[in-house]
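**Q** Turn this into a model:
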Amino acid sequence: MSEMVEKARKYELEESMKVAQDDRPVYHFSNPVGWMNDPNGFSDYKGEHHLFFQYYPYATHWDSMHWGHAKSADFIKWEYLPAALAPDQDYDNFGVFSGSAIEDGEKQILIYTGVEEKVVENGEKCIRQNQCVAIGNGVEYEKIKNNPVVTADMLPEGSSLEDFRDPKIWKENGKYYMVAGSRHSDGSGQIALFCAEKPEKWEFAGILDRSENKIGRMWECPDFYPLDGKQVLMISPQEMEAEGLEFHNGNNTAFLIGAMTKKC
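**A** Numbering: from 1, shown residues only. Alright, predicted model coming up:
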């Protein structure tokens, strides 16, 4: 366990005991302490429902993102578990951003966006976003040695190196698949597909779809799944502009329904 994870766990345990139960929602989940935003890794593992979430335990504002953790048997009563991930590596020093999780045999696999702040040749700071893996047992998680497993330079030429995030992982016929949000060289959103025989080594498999500046800009938080014989790509486009009664200005959720004819 890294010092940052240990520190976060100690802090959330001590400070959460100071929050009276009457001050918490009876039905809805609330973070133990601090700040919470995106839910992540919502999945079943060993017969229980696990919820991870973007988390800054030390204050009630957004800051260096961790992953908080809880589990439930019925989606109503939640048990807080120790913080799962902290930004404790060079490749995620700016934050452990959104991602997903799956049960894989006895293991639980977490895949997340590691955000790195680095200094480039001209001395200026820049942000790079890549996809990383941690493997655990429902409480303790270890980031694998060859992180990041998917880097932005695996994308088509001209794609953004900074806007590349929110991986969704699934397993199908013994193979691992992942979709992630990205930004095309034209400045608008696209969804990239990757595949792997093992979660430690991934290959780029193509672009599932892209905005072409028609459906918002950056496409975030994708999901991809079969439904009634078709494939559904769910996206969260940013910077939408309403078209009459279609869509709303700002950030939205959209469903693209079709068929994927080729996988890696």
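**Q** beta partners of residue 182?
**A** Counting by DSSP bridges, residue 182 forms beta bridges with residue 164, residue 190.
**Q** Give me the below-cutoff pLDDT ranges for the chain.
**A** 262 (pLDDT under 70).
**Q** What segments of it are helices?
**A** Secondary structure of the chain, counting by DSSP state H: helices at 3-16.
**Q** dump the residue contacts of the one residue sitting closest to the centre of the chain.
**A** Geometric centre of the chain, nearest residue: residue 99, 1.6 Å, by CA atoms, centre = their mean. Counting by CB atoms under 8 Å, 6 or more residues apart in numbering, residue 99 touches 40, 41, 110, 111, 112, 113, 131, 166, 167, 168, 169. (Each C-beta comes from the backbone N, C-alpha and C, glycine too.)
**Q** can you pick the most crowded of those?
**A** residue 112 (32 neighbours; other CB atoms under 10 Å).
**Q** nearest residue to it other than its sequence neighbours?
**A** Residue nearest to residue 112 in three dimensions, not counting chain neighbours: residue 99, with 3.3 Å by CB to CB, 6 or more residues apart in numbering.
**Q** what about the one you found, distance to residue 245?
**A** From residue 99 across to residue 245, the span is 34 Å (CB to CB, to the nearest Å).
**Q** same deal with residue 108?
**A** Taken as CB to CB, the span from residue 108 to residue 245 is 43 Å.
**Q** Looking at those two now, which is surrounded by more residues?
**A** residue 108 (23 against 6).
**Q** I'd assumed residue 136 was in contact with the more buried one.
**A** Yes. Counting by CB atoms under 8 Å, residue 136 is a contact partner of residue 108 at 5.4 Å.
**Q** Return the set of residues that bridge with residue 43.
**A** Beta-bridge partners of residue 43, as defined by DSSP bridges: residue 50.
**Q** contacting residues for it?
**A** Per CB under 8 Å, 6+ apart, neighbours of residue 43: 49, 50, 100, 101, 102, 103, 108.
**Q** and if we set it to 10 Å?
**A** 49, 50, 51, 52, 100, 101, 102, 103, 108, 109, 110, 169 (CB atoms under 10 Å, 6 or more residues apart in numbering).
**Q** With residue 91 instead?
**A** Residue 91 neighbours (CB under 10 Å, 6+ apart): 114, 115, 116, 118, 128, 130, 132, 143, 147, 148, 151.
**Q** Just the buried subset of the residues you listed, please.
**A** Among those, those scoring as buried are 114, 115, 116, 128, 130, 132, 143, 147, 148, 151 (criterion: 16 or more other CB atoms under 10 Å).
**Q** Can you tell me which of the residues you listed is nearest residue 221?
**A** residue 115 (15.2 Å; CB to CB).
**Q** wait, doesn't the closest one sit right on residue 94?
**A** Yes. If you go by CB atoms under 10 Å, residue 115 and residue 94 touch, sitting 4.2 Å apart.
**Q** joint contacts of those two?
**A** 64, 65, 87, 127, 128, 129.
**Q** Show the buried residues in those.
**A** 64, 65, 87, 128, 129.
**Q** Tabulate those residues (TSV), appending distance to residue 179.
**A** Formatted as TSV, these follow (distance: CB to CB, whole Å):
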residue	distance to residue 179
64	26
65	21
87	23
128	20
129	15
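**Q** mind listing what's buried in stretch 196-216?
**A** Neighbour counts over stretch 196-216 (16+ other CB under 10 Å) mark 196, 199, 202, 205, 208, 209, 210, 211, 215, 216 as buried.
**Q** Tell me the span between the first and last residue of stretch 187-204.
**A** 20 Å (CA to CA, to the nearest Å).
**Q** cool, stretch 48-63 as well?
**A** OK, stretch 48-63 end separation, CA to CA: 30 Å.
**Q** ok, now stretch 177-193?
**A** End to end - CA to CA - stretch 177-193 spans 7 Å.
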